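Colleague: Predicted model follows, preceded by the sequence.
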Amino acid sequence: MSGSSFDVARIRADFPILHQEVRGRPLVYLDSAATTQKPQAVIDALVHYYTHDNANVHRGVHALSERATQAYEGARERVRRFINARETKEIIFVRGCTEAVNLVAQTYGRSKVGPGDEVLITAMEHHSDIVPWQMLCQQAGATLKVVPVDERGDLRMEQLDALLTERTRILAVTHVSNALGTVNPVREIVKRAHARGVPVLVDGAQALAHFRVDVQELDCDFYAFSGHKMFGPTGIGVLYGKASVLESMPPWQGGGDMILTVTMEKTVYNRLPYRLEAGTPDISGAVGLAAAMDYIDAVGLEGISAHDRELLEYGSRALESVPGLKLLSRGRERSGVLSFIMEDVHAHDVGTILDREGVAIRAGHHCAQPLLSCFGVAATVRASLAMYNTREDIDALVRGLHKVREVFA
Amino acid sequence: MSSELQDLYQEVVLEHGKRPRNFREVEGANRKADGYNPLCGDQLTVTLRMEGDVIKDVGFVGQGCAISRASASLMTGAVKELSRADAERLFELVHKLVTEGPDGVDMEALGKLAVLSGVNAFPSRVKCASLAWHALRAALEGQSSSVSTE
């Protein structure tokens, strides 16, 4: 497969879970922003690892441990290549995007943020990129400041410079809004923050399944993401950090490979990346994530991005034809998400009726309550796309929405 | 529409969802509690005016889906003039109905609330149907803090 020959039928054939009936209807999975489905190649990689190679890493002298270590460190190199980090030591395996943000808040943040300092986030953040910073601010006596969004769901970039002050110690921003699909101008944000000497963490959970991310090109200091939102397993994620920044961070959790030597008096910590990976890591998860990256590259991100754009456009038009439907995903640049509300029908009721049609969407606040309150709503219906979705999926959604209208006529 | 959906969205439920009864703050209320469903962000507030041990007036305000609004509306109609003990007994009945289904539940004692029987086939909607009832119980217990369905 290549970007120029994007073949959605062939891609669908790689995802066994898609070929089933739900509630007596063919499954239409439109909840990939919550978690993506897994291709057979990822499932096979997990089965292969546990069938042939399973052992602990970095400490065994036997063959299986060598193989497991090779697979785990090979996955680290795979991740480095996928996001174009400079060195493998800049890739820290964590449980997911949430853990990555918490790690930065509790290590970098605790060592750099003090009373009277400021942490800058945006109104578009997911709870996982709000709460760790609130916790840090409480612990440090710092203030959380927020870049607002406009009525289209774009960041108010004109306010950014004024919000970046001499007290700002870190800026955290999502690459793609999980609730609206807005793609933020991260390169520009990093440039402006760096001009004020402020490091930037990017929450990339919703980006990597949709378009190419190059951390060197973005020049961000941290990039956090989860495996399960890019066709990999749950429980594995990555914190990328510039080596110079990671080197300045104290250890977080103690135990396992983060240690070089221990006496009762003193511990000598290991070098990066191990210093920030305590305990036995999720070895199979890393193997599965590497397989997911292989899969994405085999399909071709250019083709995936083009397919995503085409479906978003088709979906936006199709949804706007449904009476009483208001689309909230209207940012200048968007990816993967169609978020909307229906007049006089709560998102939960929409979700239940769609579910009976075999259509899986998310109804609620999508863990982005502050953002939804900017729009004056408590809940939206979110249809989120991945490479395996088709126009037929959107058509099934629209048919389901007409059924919703019938019930609530 | 599937029969399960029909059972969930019965005419009475849709009607109460659209035009909930007692959708107001009770004047002279002496009990109040918030209910919150963190799953979807739905929030409602139940206010009561108790005279002695009897619920003399009850109302609710807030936002929610058709099921939570209908359940709250029906609840306000059902518990007015009940003693605290009777209201709590009704809570238990409704809770059993939505979580376990109608088998073994005294449907006659439920009256109009029997229309909530369809909720049982939709586990993800049980919290919607219970929200107002949890808030009612919190208000009866004199709690002033928010209760959650989680």
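Modeller: That came in fine, so what should we check first?
Colleague: OK, contacts around the residue of chain B found nearest chain A?
Modeller: Taking Cβ to the nearest Cβ, chain A has its nearest neighbour within chain B at B:Cys65, 3.6 Å off. Using the backbone N, CA and C atoms, a C-beta is placed for each residue, glycine as well. Contacts for B:Cys65 (Cβ atoms under 8 Å, 6 or more residues apart in numbering or on different chains) come out as A:His346, A:Ala347, A:His348, A:Asp349, B:Gly17, B:Cys40, B:Asp42, B:Arg125, B:Cys128.
Colleague: Go again with 7 Å.
Modeller: The contact partners of B:Cys65, by Cβ atoms under 7 Å, 6 or more residues apart in numbering or on different chains, come to A:His346, A:His348, A:Asp349, B:Asp42, B:Cys128.
Colleague: Using the three-state scheme, assign the last one.
Modeller: Going back to what we said before, that points to B:Cys128. Three-state call for B:Cys128 (DSSP: H, G, I helix; E, B strand; the rest coil): helix.
Colleague: Surely it and A:His348 touch.
Modeller: Yes - using Cβ atoms under 7 Å, B:Cys128 makes contact with A:His348 at a distance of 6.3 Å.
Colleague: out of these two, which sits in the busier spot?
Modeller: Using other Cβ atoms under 10 Å in any protein chain shown as the criterion, B:Cys128 and A:His348 rank with B:Cys128 on top: 29 against 26.
Colleague: Quick check: the gap between that one and A:His366.
Modeller: For B:Cys128, the distance to A:His366 equals 18 Å [Cβ to Cβ, to the nearest Å].
Colleague: and what of B:Ala72?
Modeller: Distance from B:Ala72 to A:His366, by Cβ to Cβ: 24 Å.
Colleague: swap in A:Gln159?
Modeller: Using Cβ to Cβ, A:Gln159 is found at 24 Å from A:His366.
Colleague: Then A:Arg23?
Modeller: With the distance defined as Cβ to Cβ, A:Arg23 ends up 23 Å from A:His366.
Colleague: More neighbours: these two, which one.
Modeller: Set side by side, A:Arg23 and A:His366 show more neighbours around A:His366, with 25 against 13, by other Cβ under 10 Å.
Colleague: and the lengthiest helix in chain B, how far from the chain's centre?
Modeller: Ordering each helix of chain B by length in residues (DSSP state H) puts helix B:84-100 first. Averaged C-alpha coordinates place helix B:84-100 at 10 Å from its chain's average position (Cα atoms, centre = their mean, to the nearest Å).
Colleague: Please list the outside residues in contact with it.
Modeller: B:53, B:55, B:78-79, B:82, B:105-106, B:109-110, B:113, B:116-117, B:119-120, B:126, B:129-130, B:133, B:136-137, B:140.
Colleague: Enumerate the residues of chain A near chain B.
Modeller: Counting by Cβ under 7 Å from any Cβ of the partner chain, chain A comes close to chain B at A:346, A:348-349, A:352-353, A:356, A:363-365, A:369, A:378-379, A:407-408.
Colleague: Apart from its chain neighbours, what residue comes closest to A:Val79?
Modeller: Excluding the flanking residues, the one nearest A:Val79 by Cβ to Cβ, 6 or more residues apart in numbering or on different chains is A:Ile91, at 4.9 Å.
Colleague: and that neighbour, how many neighbours?
Modeller: Neighbour count for A:Ile91, taken as other Cβ under 10 Å: 25.
Colleague: again, but for A:His62
Modeller: The number of residues packed near A:His62 is 9, by other Cβ under 10 Å.
Colleague: Is the spatially closest residue to it that is not a sequence neighbour in a helix, a strand, or coil?
Modeller: Nearest residue to A:His62 in three dimensions, chain neighbours excluded: A:Ala55, at 7.1 Å (Cβ to Cβ, 6+ apart). Of the three states, A:Ala55 takes coil according to three-state DSSP.
Colleague: what pLDDT does A:Ala55 get?
Modeller: Listed pLDDT for A:Ala55 reads 96.
Colleague: Give the burial count for it, as a bare number.
Modeller: A:Ala55: 16 surrounding residues under other Cβ under 10 Å.
Colleague: Settle this for me: it is touching A:Thr69, isn't it.
Modeller: No - using Cβ under 7 Å as the test, A:Ala55 is too far from A:Thr69 to be in contact (8.2 Å).
Colleague: A:Cys97: what's it in contact with?
Modeller: A:Cys97 neighbours (Cβ under 7 Å, 6+ apart): A:Ser128, A:Asp203, A:Ala205, A:Ala224, A:Phe225, A:Ser226, A:Gly237.
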